[in-house]
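J.: This is a predicted model, with the sequence first.
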Amino acid sequence: MYPKIKKSVGSGTLLIFIFLYCQSSDTVNQAKVYSPDRQIKVIFQLKDGAPLYQVHYDDRIIIKPSKMGFILREAAPLNSDFKIVQQQESSFDETWTQPWGEVKDIRNHYNELRIHLTDQQDKTRQLNITFRVFDDGVAFRSEFPEQEYLKDLQIMDEQTEFAMADDQQVWWIPTYRKDRYEYLFTQSPISQIDTVHTPLTIETADGLYLCIHEAALTDYAAMTLIGEDDFRLRCDLVPWSDGVKVKATTPFQTPWRTIQIAETPGGLITSYLILNLNESNKLGDVSWVKPAKYVGIWWGMHLGTYTWESGPIHGATTANAKRYIDFAADNGFDAVLIEGWNTGWDGDWIQNGRLFNFTQPHPDFDIAEVSRYAASKGIEIIGHHETAADIGNYEKQMEAAFQFYKNYGIDAIKTGYVGDNVFSGMGTTEWHHGQYMVRHYRKVIEKAAEYKIMLDVHEPIKDTGERRTYPNMMSREGARGQEWNAWDPAGGNPVDYLTILPFTRMLAGPMDYTPGIFDLEFKQAGRPNNRVHGTLAKELAIYVVLYSPLQMAADLVENYQNQPAFQFVKDVPVDWEETRVLHGKIGDYITVVRKERQSSDWYLGSITDENPRELETALSFLPAGKKYLAEIYADAAETDWKSNPRAIDIRKLLVDQNTRYRIRLAAGGGQAVRLRPATEEELTTMNSYAE
C-alpha cells in the first residue's frame with residue numbers, strides 16, 4: 001500500500017502517494033510506470049549501461065526505444081556505463097485554479113518514476129531521470145545533483161531521442177532562419193524534415209495525435225528537433241556563439257521533454273500537461289494581472305497610414321493617442337497600445353537598436369498628458385519597448401524604463417525583438433533561442449513582476465508554460481501574426497493558415513495574433529497584392545478559436561464605425577472558465593466553444609480553409625432546462641473570401657441543450673456565436689432554432 005497525504009490545494013484536493021525502494025544494479029535494469037488510467041506505459045531500461053526509454057499507448061508503440069544522455073566539453077560523456085542505484089515511485093493529484101486562462105480549474109494528476117543513476121567508469125558521477133505520466137501524455141527530465149566530480153560543466157549535445165514508430169505525418173516550421181518562428185507550416189512525413197521547432201504536431205497512421213514540446217524552459221537552451229534515419233527525432237539544442245549548448249553548475253535540471261497524446265486533434269488543445277509541469281505561482285497576490293481587450297496605434301504603421309518614426313504622419317502623437325483613447329472608452333475596451341512613442345525609430349532602427357531610448361518620448365507625444373487623459377476615461381495604456389534585438393542596450397535601461405512607465409500609471413508593456421540575430425551585452429551575436437536569450441526573457445519577466453507590469457512579448461522565446469509560475473507573462477507572438485497580411489511579398493497568410501495554428505503553435509500557449517481586421521482588402525492602403533485571406537465572420541471567430549488573455553481589435557478604429565458586426569468584438573470576453581473543441585481537422589477546420597468566467601455566456605468560433613463546409617454541432621454543453629439566445633454572425637449565402645469577403649448574416653435564434661445546430665461556413669469563412677441566457681421577453685417573442 002502507498003501511504004496517503006491529503007490536503008487542500010486551491011479549489012480542489014491534493015493526494016500524494018509515495019513508495020520508495022532501493023535495489024542493486026545486479027537485479028534491476030528496467031523500470032515501468034503507467035498513467036493513472038493505465039493507458040500509457042513508459043519503460044526505462046539500461047542496455048549495456050546506456051539509458052533508453054520507450055512509450056506505449058494501450059497496445060500501440062508510440063516511442064520506440066530511444067537514447068538519452070549528454071556529451072560534455074572536456075569531460076567523458078554521460079550516456080553509458082550507468083547502473084541504477086535507486087528508484088522512487090509516487091502519485092500526485094491536485095486541482096489548481098488559474099488566475100486567468102482558457103480554463104479556470106486544471107487537474108494535475110500523474111504517476112512519477114524517479115531513477116537514480118551513477119556512472120561506473122568516471123568517478124561515480126550522478127544523473128537522475130524523472131518520468132511523469134499523465135492520462136494525456138508523458139514528460140521526463142534529467143537532473144544533475146550537486147556532486148564532487150561534476151560541478152561546472154558545458155553541455156555540447158543532449159542526446160535525447162524520440163524514435164517514432166513509422167513515417168508519420170508532421171506539421172513543422174524550420175529552425176535557424178532569420179524570421180525566428182515566423183514561417184508557414186509544412187505538412188510532410190517525418191522522413192522529409194530537417195531541423196524543426198517545437199511544438200511539433202504528429203498524426204500517426206492509426207489515428208492518434210501527438211505533440212512533442214518542452215515545459216519549464218529555465219536557464220537552458222531551447223530544444224529543436226533533427227530528423228534522422230529510421231524516423232528518429234533527435235534533440236538539437238540552440239547553441240551559444242562559441243558552440244557550447246548549455247553552461248551550468250550543479251545542481252541543475254533540464255526542462256521537461258514532453259509528449260502529449262490524444263485520440264482527436266482537439267484533445268491536444270485541451271491538454272494542460274505543459275502548464276502542470278511548471279511550478280505554481282511565485283508572485284503571490286496577482287490581482288493586478290488583468291486580461292484585457294485593447295485597440296492601438298499599430299495597424300496603421302503596417303499599412304503605411306502612419307509611421308513609427310517622426311515626421312508628418314507619425315502615429316504616436318498626443319492627438320492620435322487621445323482619439324484612440326476616446327474610441328476605447330466609447331466602445332467598452334480596456335486599453336490602448338501606443339507604439340512608436342519614443343526616440344530611436346528614425347533611420348534604420350533594425351540595425352541601430354542601440355539608439356532606442358526607453359524614457360525619452362518624441363516631441364509630439366506628451367506622455368504625461370496622454371496618461372492623465374487615459375486615466376480620466378478609465379482606460380489603461382499599454383506601453384511599448386522595441387529593442388531591435390540589442391539586448392545590451394535594453395538591459396542597461398530596463399530598470400529605468402519600467403520605473404518610467406510606472407510613474408505614469410502604465411501597467412502593461414508590449415516588448416519586441418525584431419532582428420535576425422541578437423546583439424548581446426557581451427559583444428557577441430547570439431540566437432534568439434539559445435541559453436543567453438532564455439536567461440534574458442526570464443530576467444524581463446521577473447523585473448516586470450517587481451514593478452507589477454504585465455507582458456506581451458513579440459519575437460519571443462517559445463512558450464513552455466511559464467505563465468503558471470509568472471502570471472504577468474500573459475501573451476506572446478511566436479508565429480506569423482496578422483501583420484504578415486499587410487506586407488508579405490507573397491500576399492499574406494494563406495487561407496488555411498488559421499486552421500493549422502491552433503493545432504501547432506497554439507499548443508505552446510496564448511498568442512497575440514491581433515485579429516479583428518474589417519477592411520479585409522486594404523482598399524484604403526492601396527495594396528492590391530495583400531489582403532486578409534478570409535471573411536469578416538472568420539475574423540470574428542478568431543477571437544474564440546485563438547486564445548489570448550490580451551486580445552486586440554487591430555484595425556484602424558475608423559474602420560469599425562457603423563459596422564453591426566463590431567458588436568461581437570465588443571461583447572467577446574478574454575477570460576474563460578471552460579474550453580471545448582467540438583470539431584477539428586488539422587489544416588481543414590476547427591470549432592471551439594468557451595464559457596465566460598464571469599457569466600453564464602458561451603461563445604462559439606468556427607473557421608474553415610478554402611473549402612465551404614457544414615458542421616453539425618450538438619449544443620449539449622449548455623445547462624439542461626434553460627433556453628439560450630444565440631446571437632449569430634455567419635457568412636452570408638453570397639459570401640466568398642476572394643470575391644465577397646465582407647458579406648455577413650447577423651441573426652438571433654433560441655436554442656437549448658438539445659439543439660442540433662448546423663454551422664455553415666463559406667469558402668475561407670467562419671462563424672462566431674454568442675450564447676447567452678434568454679430573457680423572459682425573448683422567450684415569448686423569439687422562435688426556437690429549426691434547421
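T.: All right, it came through fine.

J.: ok, the nearest residue to Lys377 once chain neighbours are set aside to Met454 distance?
T.: Using CB to CB, 6 or more residues apart in numbering and skipping the chain neighbours, the partner closest in space to Lys377 is Ala329 (4.1 Å). (Glycine included, C-beta is placed from N, CA and C.) For Ala329, the distance to Met454 equals 20 Å [CB to CB, to the nearest Å].

J.: cool, Arg257 as well?
T.: From Arg257 over to Met454 the distance is 29 Å, taken as CB to CB.

J.: more crowded one of those two?
T.: Met454 (25 against 22; other CB atoms under 10 Å).

J.: other SSEs contacting the helix or strand hosting His109?
T.: Assigned by DSSP states H and E, His109 belongs to strand 105-119. Counting contacts by 3 or more CB pairs under 8 Å, 6 or more residues apart in numbering; DSSP states H and E, strand 105-119 packs against strand 30-34, strand 40-47, strand 82-97, strand 126-134, helix 273-276.

J.: Output it as CSV - backbone C-alpha positions only.
T.: The C-alpha coordinates for strand 105-119 follow below in CSV (Å, rounded to 0.1, in the frame of the first residue of the first chain):
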residue,chain,number,x,y,z
ASP,A,105,-9.6,24.8,-12.9
ILE,A,106,-7.0,22.3,-14.0
ARG,A,107,-6.4,18.8,-12.7
ASN,A,108,-2.8,17.8,-12.3
HIS,A,109,-2.8,14.0,-12.0
TYR,A,110,0.2,11.8,-12.7
ASN,A,111,2.3,8.9,-11.6
GLU,A,112,6.1,9.5,-11.3
LEU,A,113,9.1,7.3,-11.6
ARG,A,114,12.5,8.7,-10.5
ILE,A,115,15.6,6.8,-11.5
HIS,A,116,19.0,7.5,-9.7
LEU,A,117,22.0,6.6,-11.9
THR,A,118,25.7,6.5,-11.2
ASP,A,119,28.4,6.4,-13.9
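
J.: could you list every residue that touches Asp411?
T.: Trp288, Glu380, Tyr405, Lys452, Ile453, Met454 (CB atoms under 8 Å, 6 or more residues apart in numbering).

J.: now the helices and strands packed on strand 105-119 in TSV, with mean neighbour count and distance to Glu521?
T.: Formatted as TSV, the helices and strands packed on strand 105-119 follow (neighbours: other CB atoms under 10 Å; distance: least, CB to CB, whole Å):
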stretch	mean neighbour count	distance to Glu521
strand 30-34	16	55
strand 40-47	19	48
strand 82-97	18	44
strand 126-134	22	46
helix 273-276	26	38
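
J.: domains for this protein, by residue range?
T.: The chain breaks down into these domains under automatic domain parsing: 4-276, 482-511+519-546+559-691.

J.: which stretch in these is the model least sure about?
T.: In terms of mean pLDDT, the lowest-scoring of the domains of the chain is domain 4-276 (a mean of 92).

J.: residue ranges for the helices of this protein, please.
T.: Along the chain, counting by DSSP state H, helices occupy 265-269, 273-276, 299-303, 318-330, 367-376, 391-407, 435-450, 466-469, 484-487, 536-545, 566-571, 680-685.

J.: which one of those is the most hemmed in?
T.: Highest mean neighbour count among these (mean count of other CB atoms under 10 Å): helix 536-545, with a mean of 28.

J.: what's in contact with that one?
T.: 498, 502, 513, 515-518, 520, 532, 551, 565, 568-569, 572, 590, 592-594, 603-607, 633-635, 639, 641, 645-648, 666, 668-672.

J.: quick revisit: to Lys32, which of the helices of the chain lies closest?
T.: Lys32 lies closest to helix 273-276 among the helices of the chain, at 19.8 Å (CB to CB).

J.: Using PDB, list the CA coordinates for the closest one.
T.: Extracted in PDB, the C-alpha atoms of helix 273-276 (Å, rounded to 0.1, in the frame of the first residue of the first chain):
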ATOM      1  CA  LEU A 273       0.200  18.900 -19.400                       C
ATOM      2  CA  ILE A 274       2.600  21.800 -20.200                       C
ATOM      3  CA  LEU A 275       1.200  24.000 -17.500                       C
ATOM      4  CA  ASN A 276       1.100  21.200 -15.000                       C
END
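
J.: tell me the two of the contacts of Asp411 that are most distant?
T.: Trp288 and Tyr405 (13.7 Å).

J.: Report the central residue of this structure.
T.: Note on the chain: the residue nearest the mean C-alpha position is Gly509, at 2.1 Å, using CA atoms, centre = their mean.

J.: That one and Tyr405, how far apart?
T.: Gly509 sits 24 Å away from Tyr405 when distances are taken as CB to CB.

J.: Ok, Met552 next?
T.: In terms of CB to CB, Met552 sits 19 Å off from Tyr405.

J.: got a list of what the closest residue in space to Gln45 that isn't next to it in sequence touches?
T.: Sequence neighbours aside, Gln30 is the residue nearest to Gln45 in space, at 4.2 Å (criterion: CB to CB, 6+ apart). By CB under 8 Å, 6+ apart, the residues touching Gln30 are Ile43, Phe44, Gln45, Leu46.

J.: Out of these, flag the one nearest to Leu217.
T.: Among these, and counting by CB to CB, the member closest to Leu217 is Phe44, at 23.1 Å.

J.: so the closest one bridges to which residues?
T.: For Phe44, the beta-bridge partners under DSSP bridges are Ala31, Tyr53.

J.: who's in contact with it?
T.: Phe44 neighbours (CB under 8 Å, 6+ apart): Gln30, Ala31, Lys32, Val33, Pro51, Leu52, Tyr53, Leu113, Ile115, Ile129, Phe131.

J.: Among those, find me the one that's closest to Glu399.
T.: Nearest to Glu399 among the contacts of Phe44, counting by CB to CB, is Ile129 at 39.2 Å.

J.: What residues sit buried inside stretch 550-564?
T.: Neighbour counts using 16 or more other CB atoms under 10 Å place Leu550, Gln551, Met552, Ala553, Ala554, Asp555, Leu556, Val557, Asn559, Tyr560 of stretch 550-564 among the buried residues.

J.: what comes into contact with that stretch?
T.: So stretch 550-564 is contacted by 291-296, 298-300, 303, 305, 323-324, 327, 331, 333, 337, 412, 454, 456, 474-475, 482, 510, 512, 514-519, 524, 543, 566, 569, 572, 574, 650 (CB under 8 Å, 6+ apart).

J.: How much space separates Glu89 from Glu112?
T.: Per CB to CB, Glu89 is found 7 Å from Glu112.

J.: Please enumerate the shared neighbours of these two.
T.: Val33.

J.: Quick check: His362 touching Asn342?
T.: Yes. Counting by CB atoms under 8 Å, His362 touches Asn342, with 6.9 Å between them.

J.: Need the residues touching each of these two.
T.: Residues touching both His362 and Asn342 by CB under 8 Å, 6+ apart: none at all.

J.: Surely Asn342 touches Pro363?
T.: No. Look at Asn342 against Pro363 with CB under 8 Å: they stay out of range, at 11.3 Å.

J.: So which of the two has more stuff around it?
T.: When Asn342 and Pro363 are compared for neighbours, Asn342 comes out ahead with 24 against 10, by other CB under 10 Å.

J.: before we move on, the earlier item: check contacts around the residue nearest to Lys377.
T.: Neighbouring residues of Ala329 by CB under 8 Å, 6+ apart: Lys377, Gly378, Ile379.

J.: In terms of distance to Pro189, which of the residues you listed ranks first?
T.: Taking CB to CB as the measure, Ile379 is the one of the contacts of Ala329 closest to Pro189, at 50.7 Å.

J.: what's the closest one sitting at in phi/psi?
T.: Taking degrees, to the nearest 10, you get phi -110, psi 140 for the backbone angles of Ile379.

J.: again with His432
T.: Per-residue torsions, His432: phi -60, psi -20 (degrees, to the nearest 10).
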